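# no sequence for this one, just the structure:
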């Protein structure tokens, strides 16, 4: 405890000096990176670091004006964050075998508020609130004569990380699987349990095994057969990260990520879903082999620049059963494959004024290739049997605010196909202009 006390006093001096120089109050959590550095240098061990974080939090609470802020003694870090997004959206979509193109302009917004806590002994917890109840969208359209809007619980989770190798998260949580929006919409927060095992290889290389048991729907067990079984999705993947190349000072700066995986449902039924293109019905016929990855080249045109090549794919081993028995199209092609390939260029990490990025990808989504309750709700409005491209750009007008522009254009793969639940579009376009402010 003498060492912890001495380091605590040293950090307090540093924090006090910084506050005097900048005029900005420094909370105890800001010392986290310095503490992590002390651990990596071997100056203190993990237990001493944990004791130090706890002591700093206590000192911060004790010195807060009038003791107004009261934090649990088990807390080592507590972060509040969020964002507000204003969106102007122009969209068109034409139904399969129809003669009318539906056009619409919408003014929309999204509000998100997050709380993430790190506790002692590797435990953690968190929550998130957002507008809209749909799993694949937090957007709310301005409407109803200035009425107020609801907030929904988007995340509520517990985590445990006993060491550098293991992480377990339970509850409604961020998606910890490596993926793109070909298979998983980025807005979806899965509910269930996720385990991650991380093995450190030579240099910065890593090998991870990620597994998730996701509860999709609770069923009444008194009902006989599949309708009385809770609906579960089981996902597992291996993620290998290889670093290569070196920058001017010798640090490895480029990396390759490959992530093969498998996703399986049990035989059950879903109902009550209200996402963009919900399929309320049987979970049968979904056994997805996935393969995602990316290659990143840093400093491609000077410091801070990055070029990315990325891809994703899904092949449904049970596509014929899915299309012909579940979707009710006995004469249709199974169309078991979905794929995406894209390229991106960025200056900076999107965190500092002047940072910007550009991306374009092309994708093909066969009727039987992916789960329509999980894929991107914006590309073809979440419909299957669509192919086309997505172009997006982002520019940071300040450190905390950025402008985004995104355009989607899709057409159907098979023109005579009619499946009103999951493949109802002939073609579509969406243009989204966003202003996002983070806090």
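The structure has been received and is ready for your questions. The shown structure was predicted, so the numbers you read here are calculated from the model rather than taken from an experiment. Numbers count the residues shown, from 1 in each chain.
# contacts, neighbours, all on C-alpha from now
Noted.
# quick one: the residue lying closest to residue 376 once chain neighbours are set aside from residue 314, how far?
Here the nearest residue to residue 376 in space, its sequence neighbours aside, is residue 185; by Cα to Cα, 6 or more residues apart in numbering that works out to 4.2 Å. Remark: distance between residue 185 and residue 314 (Cα to Cα, to the nearest Å) = 14 Å.
# Show me the contact partners of stretch 129-143.
106-114, 149-155, 185-189, 274-276, 374, 376-377 (Cα atoms under 8 Å, 6 or more residues apart in numbering).
# on that earlier part again, who's in contact with the residue nearest to residue 376?
Contacts of residue 185 by Cα under 8 Å, 6+ apart are 136, 374-377.
# Which of the contacts of stretch 129-143 are buried, as a ChimeraX select command?
ChimeraX command restricting those to the buried ones, with burial defined by 16 or more other Cα atoms under 10 Å:
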select :107,108,109,110,111,112,113,114,154,155,185,186,187,188,189,275,276,374,376,377
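# So which of the contacts of stretch 129-143 belong to strands?
Members of these lying in strands (criterion: DSSP state E): 106-114, 152-155.
# pretty sure residue 91 is in contact with residue 101, am I right?
No - counting by Cα atoms under 8 Å, residue 91 stays clear of residue 101, with 10.2 Å between them.
# Looking at these two, which is more packed in?
Between residue 91 and residue 101, residue 91 has the larger neighbour count (other Cα atoms under 10 Å), namely 17 against 13.
# Identify the residue nearest that one in space, chain neighbours excluded?
residue 430 (4.4 Å).
# Also residue 45?
Per Cα to Cα, 6+ apart, closest to residue 45 is residue 39, 5.7 Å.
# Now the one you found: which helix or strand?
Residue 39 is part of helix 32-40 when elements are defined by DSSP states H and E.
# I'd like the average pLDDT over that helix.
Averaging the model's pLDDT scores along helix 32-40 yields 76.
# and what of stretch 249-260?
90.
# Buried residues of it, list them for me.
Across stretch 249-260, burial judged by 16+ other Cα under 10 Å covers 253-260.
# Just read off the phi/psi values of residue 321.
phi -60, psi -40 (degrees, to the nearest 10).
# quick thing: my sequence starts at 334, can you match it?
Got it, first residue is 334 now, which makes that one residue 654.
# you'd agree it is up against residue 616?
No - with contacts counted by Cα under 8 Å, residue 654 stays clear of residue 616, the gap being 11.0 Å.
# more neighbours, those two?
Neighbour totals were compared for residue 654 and residue 616, and residue 616 leads with 22 against 19 (other Cα under 10 Å).
# Please report the distance of the more buried one from residue 655.
9 Å.
# show me what contacts the residue nearest to residue 378?
378-379, 382.
# Which of the residues you listed has the largest number of neighbours?
residue 382 (20 neighbours).
# check which helix or strand covers that residue.
Per DSSP H and E: helix 379-396 holds residue 382.
# for residue 545, same thing?
strand 539-550.
# strand partners of that strand, parallel vs antiparallel please.
strand 524-533 (antiparallel), strand 564-579 (antiparallel) (DSSP bridges).
# Averaged over its residues, which helix or strand of the protein has the lowest pLDDT?
Within the chain, no helix or strand scores below helix 335-355, which has a mean of 44 by mean pLDDT, DSSP states H and E.
# what bridges to residue 585?
Taking DSSP bridges as the rule, residue 585 bridges to residue 579.
# returning to that earlier point: tell me how far the helix holding residue 372 lies from the chain's centre.
27 Å (Cα atoms, centre = their mean, to the nearest Å).
# For it, buried residues please.
Those would be 365, 368, 371-372, for helix 365-373 by 16+ other Cα under 10 Å.
# Pick the one among those closest to residue 478.
residue 365 (46.7 Å; Cα to Cα).
# With adjacent residues omitted, what lies nearest to that closest one?
residue 386 (7.5 Å).
# again with residue 412
Residue 412's closest residue in space is residue 449 (Cα to Cα, 6+ apart), at 5.2 Å.
# Could you give the number of residues near that neighbour?
Residue 449, neighbours per other Cα under 10 Å, totals 18.
# List the contacts of it.
Taking Cα under 8 Å, 6+ apart as the test, what residue 449 contacts is 411-413, 457-460.
# let's go with 10 Å and repeat that
Residues in contact with residue 449 (Cα atoms under 10 Å, 6 or more residues apart in numbering) are 410-414, 457-461, 489-491.
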